[in-house]
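Colleague: Provided below are the primary sequence and the corresponding predicted coordinates.
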Amino acid sequence: MAEKIIDLDKTLFDVTAQYPETIDILFELGFMGVKNPVMRESHGRQMTLRAGCGHLGLDLGAVRGALRAKGFSVKD
């Protein structure tokens, strides 16, 4: 099985397109708009995971840890 790597500097759109299972994970972490396809297409194409954490006031370390707990490797 290939390693699943998430780069925190990729856009939300790119991450969710590559790994659709991250939509539910990110939603649970506080990225409320990620389940809305229109939001993912518009804002998601411009916002990186790192920037999204800052914008939403989410702890980057907690997001990183949650993604790792779900089997992803996280690239800073």
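Modeller: Received the coordinates, thanks.

Colleague: CA atoms for contacts and neighbours, from now on please.
Modeller: Noted.

Colleague: so where is this protein shaky, pLDDT-wise?
Modeller: 1 (pLDDT under 70).

Colleague: switch the cut-off to 80
Modeller: 1-2 (pLDDT under 80).

Colleague: So which residues of it form strands?
Modeller: Ranges of strands within the chain are 5-7, 73-75, based on DSSP state E.

Colleague: packing partners for the last one?
Modeller: Counting contacts by 3 or more C-alpha pairs under 8 Å, 6 or more residues apart in numbering; DSSP states H and E, strand 73-75 is packed against strand 5-7, helix 60-69.

Colleague: just the first one next, same as before
Modeller: Using 3+ C-alpha pairs under 8 Å, 6+ apart, the elements in contact with strand 5-7 are strand 73-75.

Colleague: For Leu26, the count of nearby residues, please.
Modeller: Counted with other C-alpha atoms under 10 Å, the neighbours of Leu26 add up to 20.

Colleague: Please tell me I have it right and it contacts Arg40.
Modeller: No - counting by C-alpha atoms under 8 Å, Leu26 stays clear of Arg40, with 11.8 Å between them.

Colleague: anything in contact with each of these two?
Modeller: Common neighbours of Leu26 and Arg40, counting by C-alpha atoms under 8 Å, 6 or more residues apart in numbering, are Val34.

Colleague: where do the helices sit along the protein?
Modeller: Listed from the start of the chain, the chain has helices (DSSP state H) covering 12-18, 22-29, 37-42, 49-56, 60-69.

Colleague: thinking again about what came up before, most packed of the helices and strands packed on strand 73-75?
Modeller: Greatest average neighbour count among these goes to strand 5-7 (a mean of 18), per mean count of other C-alpha atoms under 10 Å.
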